[in-house]
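Q: below are the sequence and a predicted model; questions follow.
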Amino acid sequence: MTTTSETLTVSLVFDSNGDVDTDATELAFSDQLSRYLSDVSGESDRIAEGVDTLLANNNGVAITMPTIASLVASSMGTPAKMHPLVSKRILAYLSSNSQGKLLNKETGEVERPDSLFVIQKGPGAGCLRRQDVKEKPAKPAKK
């Protein structure tokens, strides 16, 4: 599993003697962490909405994942400095909401058959909404 890290900056709070006020510092950290988590939660909603809008407007044509990440991050007004981080979050959203690994090559069974997205490989590769996937015609039976 790959992990990432971000920096959360919190100032130490000092009492009148110049010593660190542990309780006040912990409260300041807790407040800052709550704001961060609220921002990330709102960002997750904006990512989901941005991806759905982009794919809905593309009329069932698959778009490569890096292109989706870039377009959605830009549509969210992401500053250039934050673009790589937000793009990673968008890619993670796509992956975690896609069909997952192929479990059985013969039957086509996948980890998450009811996923929001399908990631296609080969010709026409890219990601699209499951509802936009066109059914492949059945192969004729061998004689």
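A: Yes, it's here. Given the structure is predicted, the values throughout are model-derived calculations rather than measurements.
Q: which residues of this structure fall in helices?
A: Using DSSP state H, the helices found in the chain span residues 22-56, 65-75, 83-96.
Q: any chance of CSV for those, columns mean pLDDT?
A: Formatted as CSV, those follow (pLDDT from 0 to 100):
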stretch, mean pLDDT
helix 22-56, 84
helix 65-75, 94
helix 83-96, 91
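Q: would you tell me which one of these is buried the most?
A: Mean neighbour counts were compared across the helices of the chain using mean count of other Cβ atoms under 10 Å; the top stretch is helix 65-75, at a mean of 19. Yep, even glycine has a C-beta here, placed from its N, CA and C like the rest.
Q: nearest the geometric middle of this structure, what residue?
A: Tyr93 (2.3 Å; Cα atoms, centre = their mean).
Q: and for it, nearest residue in space, chain neighbours not counted?
A: Once flanking residues are discounted, Tyr93 sits nearest to Ile47: 5.2 Å by Cβ to Cβ, 6 or more residues apart in numbering.
Q: do the same with Val20
A: Leaving out its chain neighbours, Val20 is closest to Leu12 (Cβ to Cβ, 6+ apart), at 5.4 Å.
Q: how much space separates the one you found from Glu111?
A: Distance from Leu12 to Glu111, counting by Cβ to Cβ, to the nearest Å: 46 Å.
Q: next one: Ser34
A: Distance of Ser34 to Glu111, computed by Cβ to Cβ: 34 Å.
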